[in-house]
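In: Here is my input, please return the structure:
(2 chains)
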Amino acid sequence: QVTLKESGPVLVKPTETLTLTCSVSGFSLSNARMGVSWIRQSPGKALEWLAYTFSNDEESYSTSLESRLTISKDTSKSQVVLTMTNMDPVDTATYYCARIKKYSPYYGMDVWGQGTTVTVSS
Amino acid sequence: QSVLTQPPSVSGAPGQRVTISCTGSSSNIGAGYDVHWYQQLPRTAPKLLIYGNNNRPSGVPDRFSGSKSGTSASLAITGLQADDEADYYCQSYDSSLRVVFGGGTKLTVL
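Out: Sure, this is the predicted structure:
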C-alpha cells in the first residue's frame, strides 16, 4: 500500500524558512518512474503546484515560487524535503505531498498525503 | 491565476449529467500532454479521478468519464449523486516542464 505523510511546523513567523518533510512508504524513491510532488492549497483557494523531484535528479519548480523553493530527497530514509524561504502570511495553506508518475498518469499524481496545515503569523 | 481554465461552479439535480470543461493552450493540453482530473471532497485531500484523459483508476465508478480535444478537456458525471458534491480540478503538464492545474470547479448537487 502506497502512503505519503507530511510533517512540519504548524506555525511559522514571517520571514522564516519553512521545512516540510514527506515520508513515503510502499514505493521507492529510487524508482525512476516515480517521484514526489508538493502542492499547496490556501484557504478557500485552488490547488497550486509547487515542485517535484524524481530519482534521476529531475526537478522542477513553480515559476512564481522558484526563487524561494528547494526540494531534496533522502532515498535511504524514503523522505522528500521541501524548503520555502521568506515565509509570508499569504503562504498560509495546507501543504500536500503526492506521488507523481511519469507514466499512467503522465506527470500526474496518483496518491496523495493527508496534508499539513501551515499558518504564517507573528 | 491558474494556467488551465475551469468554470468556478456547476450544478445539477440527482440523476442528471453534468460536464466540467478545462481549457488550456498549445503549450500544455494542445501540445498533447495528458489531462488528469481530481476530486476533492470537503475537508479531504484530492483524489485521482481520471488519468490519461479518459482512464479511471480502480474503484472509480464508470459514471465518471473524461475526454480531450485540441486545447481542451472535459469531465462528465452521469447519474449525479449527492456525494458527488465536491471540488474538481483538471491538471496537465506544460512544455516548460511544469505541472499545471485548473482553478477548480465546485459541483453542487441540487
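In: From now on I want contacts and neighbour counts done on CA atoms only, so please keep to that.
Out: Will do.
In: Find the centremost residue of chain A, please.
Out: A:W38 (2.5 Å; C-alpha atoms, centre = their mean).
In: helix/strand/coil for that one?
Out: Judged by DSSP: H, G, I helix; E, B strand; the rest coil, the three-state class of A:W38 is strand.
In: List the contacts of it.
Out: A:W49, A:L50, A:A51, A:Y52, A:L82, A:Y95, A:Y96, A:C97, A:A98 (C-alpha atoms under 8 Å, 6 or more residues apart in numbering or on different chains).
In: 6 Å instead, please
Out: A:L50, A:A51, A:Y96, A:C97 (C-alpha atoms under 6 Å, 6 or more residues apart in numbering or on different chains).
In: now do A:S37
Out: A:S37 touches A:A51, A:Y52, A:C97, A:A98, A:I100, counting by C-alpha under 6 Å, 6+ apart.
In: Spatially nearest residue to it (excluding sequence neighbours)?
Out: A:Y52 (4.0 Å; C-alpha to C-alpha, 6 or more residues apart in numbering or on different chains).
In: phi, psi of A:L47?
Out: A:L47 adopts backbone torsions of phi -70, psi 140, taken as degrees, to the nearest 10.
In: Tell me how many other residues surround it.
Out: 23 (other C-alpha atoms under 10 Å in any protein chain shown).
In: does the residue nearest to it when sequence neighbours are not counted have beta-bridge partners, and which?
Out: What sits nearest to A:L47 in space, not counting adjacent residues and going by C-alpha to C-alpha, 6+ apart, is A:Q41, at 4.8 Å. Judged by DSSP bridges, the bridge partners of A:Q41 are A:L47, A:T94.
In: Tell me how many other residues crowd A:Q41.
Out: Using other C-alpha under 10 Å: A:Q41 sits among 18 other residues.
In: Helix, strand or coil: sort out B:V60 for me.
Out: coil.
In: what's the neighbour count on it?
Out: 13.
In: tell me the pLDDT at it?
Out: On pLDDT, B:V60 comes in at 97.
In: What distance do you get for it to chain A?
Out: B:V60 is 13 Å from chain A, where distance means C-alpha to the nearest C-alpha, to the nearest Å.
In: Spatially nearest residue to that residue (excluding sequence neighbours)?
Out: B:L49 (6.6 Å).
In: Tell me the strands beside the biggest strand by length in chain B, with direction?
Out: If you go by DSSP state E, chain B has its longest strand at strand B:86-93. Strand B:86-93 pairs in its sheet with strand B:36-40 (antiparallel), strand B:99-101 (antiparallel), strand B:105-109 (antiparallel), by DSSP bridges.
In: got the residues of chain A near chain B?
Out: A:A46, A:P105, A:D110, A:Q114 (C-alpha under 6 Å from any C-alpha of the partner chain).
In: cutoff 8 Å now
Out: By the rule C-alpha under 8 Å from any C-alpha of the partner chain, the part of chain A lying against chain B is A:46-49, A:60-62, A:96, A:104-115.
In: So which of those residues are in helices?
Out: Assigned to helices by DSSP state H, none of the residues of chain A next to chain B qualify.
In: so what pLDDT did the nearest residue to A:I39 once chain neighbours are set aside get?
Out: Closest residue in space to A:I39, ignoring its immediate chain neighbours: A:W49 at 4.4 Å, by C-alpha to C-alpha, 6+ apart. Looking at A:W49, its pLDDT reads 98.
In: export the strands paired with strand B:86-93 to a markdown table and tack on distance to A:D91, mean neighbour count and mean pLDDT?
Out: Shown next, in a markdown table, are those (distance: least, C-alpha to C-alpha, whole Å; neighbours: other C-alpha atoms under 10 Å in any protein chain shown; pLDDT from 0 to 100):
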| stretch | distance to A:D91 | mean neighbour count | mean pLDDT |
| --- | --- | --- | --- |
| strand B:36-40 | 21 | 25 | 98 |
| strand B:99-101 | 18 | 24 | 97 |
| strand B:105-109 | 22 | 20 | 98 |
